[in-house]
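Q: Please work out how this folds:
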Amino acid sequence: MSARTRPMTAAPWIGIPLLLLAVAGTPAGAAAGAPPPAPAGYQPFAKPASAALTAGDSRSAIRVKFAEGAPVRLRDGVLRGPAGPVAVPGTARRLFPQSEEELAALSGAALRSSGRVQADLNQYYEITLRPGADPVAALAELLARDIVEIAYPTPLPVVRPGPTGAAAAGPAAAATPSFVDRQRYRQSASVNGVDVEYARTVPGGTGKNVRVHDIEGGWVRDHEDMTSLRPDEVFVPQGSPAPEDKNHGTAVMGTLIGDDNPAGVTGLVPQATPRLTNDTMVGGQVNRGGAIATAAKVLRPGDVMLLEMQMNGCTGGFAPVEWEPATYDAIVAATSLGITVVEPAGNGSSDLDAPCNGSPFPRGKPDSGAIIVGAGGAGPAQGCSTARQKLGFSTFGRRVDLQAWGECVVTTGYGDLQKGTAQTSYTARFSGTSSASPIVAGSAAALSSIARERGRTLTPAQIRDLLVRTGSPQAGGGKIGPLPNLRAAVAALEELPVR
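A: Numbering: from 1, shown residues only. All right, here's what the predicted structure looks like:
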């Protein structure tokens, strides 16, 4: 047996009793450790057959979700459940930064809005293991408890799903010229674009009726071509944000909301209201679920949330972040509130239909409601790969809904197209599922804004269905779905029944 894999029958830690908590209302004669009843319609996470660690897992921290129906709360530094204190192999803290009352209100609003049963986000905790503790044994023992729904190693930080390697610096300029003609992803389907140029001729098509909220690590908020990022209220922080390279976020937001002016680039939805939240805090802690819950508080039905992140998946390559249970449950809450969530598939060449992912992805759980985005070719007209064919690095599978350009994207940041200060740099090589995702997010925002202009608020499912059903078909490779075609989507919007 590998030292990194252990069956869930492993012995508990020395000196720490295994506490099987009785559930209030358990029938007389029932076993004290019987699984507590979950709310009707709730599907628990399936526990893995064995505890294991991968290279992308922490050796010092574990995340745990206690079972629905048996509330476990942190009181005076001690976890307490229906039958008393709950022993854990280290120090426990609540995973989500919001108060218990805020999380309960979030879940309640999501349930009322959608009718979909929500996970109790207050059941999530992170356990910092005691020095010298065996993380595999600790994980196995937690998974063996009936009171635990799921436990998993805390994911380690990974690179953003964007470009790799350095590019040569571009020329400096006394005054920034217009690069809009090079933003061919904005143009019609005939040149492999999403046709936002058509959408902007339709009332609401510039995004004026929606918010677009990017969650990642850093941005140049005083870039010359993104004046809408400057107001203080744009940044909605989670905890104490950690400093991070700002090129990635700058490129993402330039694609979305770059100023509509004669210089530089123009975003897909330049009149949308931007919002930003960090997923990484000082000390290197990554809390994606907490960031989603933070962002959800300032968004409304019809708004768009973009998760510019990826994580290590079970196949060894990068996967969408909803692979992590806490992130999945937070996404479900956001989409249930009517927020369209867009997440990269990841730059891992991974097959989400591999057996270890569960069927369906992730872990056999119901569809989260998010749009998962793969990376496709920009087309030979751009001097790039075959149009709409899956790029080799892109993760793929049945759960991937849509694609967009994973290469050759012209936007703000990096400096290979125009060298300058952080405030005046531009790139022609933004790439990865990171460049594809804001193109899809911008398409979703344009469509949602047009619908709002007409007095309708589309659900995340309606937006996803319209973009998939009317998109330009994929050209080849593992499944990443079609490229949005806003002209066709807007036409189909007219035929959508009013509810």
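Q: low pLDDT regions in the chain?
A: Across the chain, the ranges flagged by pLDDT under 70 are 1-36, 164-169, 173, 498-499.
Q: Select the longest strand from it.
A: strand 57-66 (DSSP state E).
Q: what about residue 463, which helix or strand?
A: helix 460-470 (DSSP states H and E).
Q: count of residues packed around residue 224?
A: 19 (other CB atoms under 10 Å). All C-beta spots, glycine's among them, are computed from the backbone N, C-alpha and C.
Q: what's the spacing between it and residue 479?
A: As judged by CB to CB, to the nearest Å, residue 224 and residue 479 stand 40 Å apart.
Q: same question, residue 42
A: 29 Å.
Q: And for residue 290?
A: 31 Å.
Q: cool, and residue 406?
A: In terms of CB to CB, residue 406 sits 15 Å off from residue 479.
Q: Compare the two and say which is more crowded by neighbours.
A: Higher neighbour count among residue 406 and residue 479: residue 406, with 35 against 17, using other CB under 10 Å.
Q: Show the contacting residues for the more buried one.
A: 374-378, 391, 393-394, 431-433, 435-436 (CB atoms under 8 Å, 6 or more residues apart in numbering).
Q: Any idea what the residue nearest to it when sequence neighbours are not counted is bridged to?
A: Nearest residue to residue 406, sequence neighbours excluded (CB to CB, 6 or more residues apart in numbering): residue 375, at 2.4 Å. With DSSP bridges as the criterion, the beta-bridge partners of residue 375 are residue 404.
Q: Run a quick neighbour tally on residue 375.
A: Residue 375, neighbours per other CB under 10 Å, totals 32.
Q: residues contacting it?
A: 345, 347, 390-391, 393-394, 403-407, 431-433, 435-436, 480.
Q: And residue 125, by the same measure?
A: Here residue 125 is in contact with 63-66, 72, 74, 79, 88, 92-95 (CB under 8 Å, 6+ apart).
Q: out of these, which are buried?
A: Neighbour counting with 16 or more other CB atoms under 10 Å marks 63-66, 72, 79, 88, 92, 94-95 as buried within those.
Q: I'd like these as TSV, with distance to residue 324 appended.
A: TSV is the format used below for those (distance: CB to CB, whole Å):
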residue	distance to residue 324
63	8
64	13
65	11
66	16
72	19
79	21
88	19
92	18
94	16
95	11
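Q: for these, which one is nearest residue 147?
A: residue 66 (5.8 Å; CB to CB).
Q: next helix or strand past the helix or strand in which residue 197 is found?
A: Using DSSP H and E, residue 197 maps to helix 196-199. Per DSSP H and E, the first helix or strand lying C-terminal to helix 196-199 is strand 211-216.
Q: Now do that following strand: which elements does it pack against?
A: helix 247-257, strand 273-278, helix 288-296, strand 304-307, helix 433-453 (3 or more CB pairs under 8 Å, 6 or more residues apart in numbering; DSSP states H and E).
Q: Of all the ones you listed, which one is nearest residue 398?
A: Ranking the helices and strands packed on strand 211-216 by proximity to residue 398 (CB to CB) places helix 433-453 first, at 16.6 Å.
Q: number of nearby residues for the closest residue to residue 443 other than its chain neighbours?
A: Excluding its sequence neighbours, the residue lying closest to residue 443 (CB to CB, 6+ apart) is residue 484, at 3.9 Å. Residues near residue 484, counting by other CB under 10 Å, number 32.
Q: Correct me if wrong: residue 484 contacts residue 401.
A: No: counting by CB atoms under 8 Å, residue 484 does not reach residue 401; the two are 10.3 Å apart.
Q: Touching both of those two, which residues are there?
A: residue 467.
Q: residue contacts, residue 279?
A: With CB under 8 Å, 6+ apart, residue 279 has these contacts: 215-217, 238, 286-288, 290-291, 309.
Q: Please read the previous query as pertaining to residue 430.
A: Per CB under 8 Å, 6+ apart, neighbours of residue 430: 162-163, 251, 255, 409-411, 413-414.
Q: Equivalent analysis for residue 361, please.
A: By CB under 8 Å, 6+ apart, the contact list for residue 361 reads 320, 323, 352-353, 397-399.
Q: Columns neighbour count on top of those residues, output as TSV?
A: Shown next, in TSV, are the contacts of residue 361 (neighbours: other CB atoms under 10 Å):
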residue	neighbour count
320	33
323	24
352	29
353	16
397	21
398	14
399	22
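Q: partners of the residue nearest to residue 303 when sequence neighbours are not counted in the sheet?
A: The shortest distance from residue 303 to any non-neighbouring residue, by CB to CB, 6+ apart, is to residue 211 (4.3 Å). Beta-bridge partners for residue 211, by DSSP bridges, are residue 273.
Q: Go ahead and confirm residue 211 touches residue 300.
A: Yes: assessed by CB under 8 Å, residue 211 is found in contact with residue 300 at 7.2 Å.
Q: Neighbour count: the two, which is higher?
A: Shown here are residue 211 and residue 300; by other CB under 10 Å, residue 211 has more neighbours (19 against 13).
Q: gap between the more buried one and residue 218?
A: 20 Å.
Q: for residue 98, phi and psi?
A: Main-chain torsions, residue 98, degrees, to the nearest 10: phi -70, psi 160.
Q: Next one: it from residue 229, what distance?
A: According to CB to CB, residue 98 and residue 229 sit 25 Å apart.
Q: Mind listing the residues bridging to the residue minimising distance to the centre of the chain?
A: Relative to the mean C-alpha position of the chain, the nearest C-alpha, by CA atoms, centre = their mean, is the one of residue 307, at 3.6 Å. Per DSSP bridges, the residues bridged to residue 307 are residue 215.
Q: Just to check, it is in contact with residue 340?
A: No: using CB under 8 Å, residue 307 is not in contact with residue 340; the gap is 11.4 Å.
Q: Burial check on the nearest residue to residue 459 once chain neighbours are set aside, number of neighbours?
A: In this structure, residue 459 finds its nearest non-sequential neighbour in residue 338, 6.1 Å apart by CB to CB, 6+ apart. For residue 338, the count of nearby residues is 21 (other CB under 10 Å).
Q: which element is residue 338 on?
A: Per DSSP H and E, there is no helix or strand for residue 338.
Q: next one: the one 4 residues further on
A: Per DSSP H and E, residue 342 falls inside strand 340-344.
Q: now that strand: how far from the chain's centre is it?
A: 6 Å (CA atoms, centre = their mean, to the nearest Å).
Q: Give me the helices and strands touching that strand, please.
A: Using 3+ CB pairs under 8 Å, 6+ apart, strand 340-344 sits against strand 304-307, helix 325-336, strand 371-376, helix 433-453, helix 460-470.
Q: Just after the first one, pick out the following helix or strand.
A: Counting by DSSP H and E, the next helix or strand C-terminal to strand 304-307 is strand 311-312.
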